[in-house]
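Visitor: Sequence and computational prediction follow.
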Amino acid sequence: MLEKILRTIEKITPRFLYRFFQPFYHYSLSLIGALLYRFPSRELTVIGITGTKGKTTTSELLHHTLTKAGIKAVLVSTVQFKIGNESKRNLFKMTTPGRFFLQKLLRDALKAGCTHAVIEISSEAVLQYRHRFLSLDAFIFTNLSPEHIERHGSYEKYRAAKIEIAKRCAQGGKLKRIFIGNGEDQETPLFSNLPYSEKHTYSLKEAQPYEVGLLGGFFTWDATRVTTTLPGEFNIENALAALTLGKALGIPKEKLVEGIETFTGALGRVQRIEAGQNFSVIVDYAHTVDSLKKLYEAYSGTRRICVLGGTGGGRDKTKRKDMGAIASRYCDQIILTNEDPYDEDPLSIIADVKRGITNQKTEIILDRKEAIEKAISYGTTGASVLVTGKGSDPYLMEANNKRTPWSDAEIAREALTELLRK
């Protein structure tokens, strides 16, 4: 109720005045939320996870591993909110929810007997002070690359927002303040150079020998062979992050390995859609140049049929041509379609992406459902249909704040069922 009142005040306040008082406004909301629910994060072992890529899968993987180890934990991710085994979809269209919701969720988790919390924290959350009054015991940094530049103003400001999350851990009041970082990311030193009580890194170089294929593979960790059902080197990195944190928390190795080996994936993150077909259909959130590249590389050796949009309207316009170039380089067939245009002309977004595509047969199908169906109709034995951009997003965001309930996975599954029926 209080947040609704504050939102109303925001709407009627002149823009210049609101911007002046905005930091105080967001800080006040965070403080009031924490006070109202009595600072629940102080009573939990809280792990904050951030990065440009991998944070959702790492969060889901870590929560699953904690559960397998007999630890009851609450999960806050882009995909879902989960207390123990009870789950609700995240329908907010934001990674880290509002201050009141988040603090109440943590308090509810305590009442339910949770001892740990795994929280995916975005740079947008930092801008709105949603990370404040979260007492972190551990912080995982997955990687960093240019993203949300239009929101932050520059890459340096985007990076600074992520570092603010690290400071919540390093300079917080918890006795144990653990840092886990990707040892192969060039930005890791900036995140690790803070007063943590423990610092650990993980690296693909230390996971050798390893092998990955379309249905997963294996890698080495702590002198132990670990199998995984997840494709791609990037998912080995996600697993290493969860394992390194688990070891720092003192969880037995065999429990950690069991958690990794029994995890089958997060919704909308390299999600395999199966209906008995003889080709792969993958739904993934990949919406940056690097994440597209890594996904396409994971399915090398197959005929790749790629459905992509080019990010949401009004944001990250400079990367659209580069995304088209990556698709042109790796995909055998490309279908460009609508993807959260908001108030921008969808055809203008598609045109930006198409500028990067050369010497490639490309179709433009504005209707995203029709685009997915057409891509699946092109599926042949051993091929890979890769649908990217939305992942598990529950809505298609269009002009005038129109929200259309959406699921790439369900559309793909229905299209496969119809294809096999025929």
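Guide: Looks like it arrived, so ask away. Only a predicted model underlies this, so the values are computations on that prediction, with no experimental measurement involved.
Visitor: Apart from its neighbours in sequence, what residue is nearest the residue positioned nearest the centre of the chain?
Guide: With distances taken as CA atoms, centre = their mean, residue 56 lies nearest the centre of the chain, 3.6 Å away. Leaving aside its sequence neighbours, residue 56 sits nearest to residue 78 (CB to CB, 6 or more residues apart in numbering; 4.7 Å). From N, CA and C alone the C-beta is placed, and that goes for glycine too.
Visitor: Can you give the domain ranges for this structure?
Guide: 2-262, 271-421 (automatic domain parsing).
Visitor: can you put those in JSON lines and add mean pLDDT?
Guide: Converted to JSON lines, these look like this (pLDDT from 0 to 100):
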{"stretch": "domain 2-262", "mean pLDDT": "92"}
{"stretch": "domain 271-421", "mean pLDDT": "93"}
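Visitor: can you tell me which helix or strand the residue nearest to the centre of the chain belongs to?
Guide: Per DSSP states H and E: residue 56 is located in helix 55-68.
Visitor: what's that helix packed up against?
Guide: Helix 55-68 sits against strand 45-50, strand 73-76, strand 116-120, strand 138-141, helix 233-248, helix 253-262, with contacts defined as 3 or more CB pairs under 8 Å, 6 or more residues apart in numbering; DSSP states H and E.
Visitor: Let me know which of these is the nearest to residue 12.
Guide: With CB to CB as the criterion, residue 12 lies closest to strand 73-76 of the helices and strands packed on helix 55-68, at 31.2 Å.
Visitor: I'd like the distance from the closest one to the chain centre, please.
Guide: 15 Å (CA atoms, centre = their mean, to the nearest Å).
Visitor: And that strand, what does it pack against?
Guide: Counting contacts by 3+ CB pairs under 8 Å, 6+ apart, strand 73-76 is packed against helix 55-68, strand 80-83, helix 99-111, strand 116-120.
Visitor: Which residue comes closest to residue 93 once chain neighbours are left out?
Guide: Closest to residue 93 by CB to CB, 6+ apart is residue 395, at 6.2 Å.
Visitor: hang on, the one you found packs against residue 405?
Guide: Yes: the criterion here is CB atoms under 8 Å, and residue 395 meets it with residue 405 at 6.2 Å.
Visitor: neighbour-wise, which of these two wins?
Guide: residue 395 (15 against 9; other CB atoms under 10 Å).
Visitor: Can you give me every residue that contacts the more buried one?
Guide: Each residue near residue 395 by CB atoms under 8 Å, 6 or more residues apart in numbering is listed here: 91, 93, 403-406.
Visitor: Recalculate using a threshold of 10 Å.
Guide: Residues near residue 395 by CB atoms under 10 Å, 6 or more residues apart in numbering: 91, 93, 340, 402-407.
Visitor: Repeat that for residue 292.
Guide: For residue 292, the contact set (CB under 10 Å, 6+ apart) comprises 284, 286, 306, 308, 319, 322-327, 329-331, 386, 388-389.
Visitor: Same check on residue 57?
Guide: With contacts taken as CB under 10 Å, 6+ apart, residue 57 has the following neighbours: 49, 77-79, 120, 142, 230, 234-235, 237-239, 241-242, 263, 265-266, 268-270, 285.
Visitor: That one and residue 149, how far apart?
Guide: Between residue 57 and residue 149 the distance, using CB to CB, to the nearest Å, works out to 23 Å.
Visitor: rewinding a little: export the helices and strands packed on strand 73-76 as JSON lines, with columns for distance to residue 175.
Guide: Below are the helices and strands packed on strand 73-76 laid out as JSON lines (distance: least, CB to CB, whole Å):
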{"stretch": "helix 55-68", "distance to residue 175": "20"}
{"stretch": "strand 80-83", "distance to residue 175": "25"}
{"stretch": "helix 99-111", "distance to residue 175": "19"}
{"stretch": "strand 116-120", "distance to residue 175": "15"}
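Visitor: closest to residue 366 out of the ones you listed?
Guide: helix 55-68 (27.8 Å).
Visitor: centre of the chain versus the closest one, how much separation?
Guide: 12 Å.
Visitor: and it with strand 45-50, angle?
Guide: Angle, helix 55-68 to strand 45-50, by axes from the mean of the first three to the mean of the last three CA atoms, to 10 degrees: 160 degrees.
Visitor: Assess the claim that residue 398 and residue 366 are in contact.
Guide: No: here residue 398 does not reach residue 366: they are 11.5 Å apart, not a contact under CB atoms under 10 Å.
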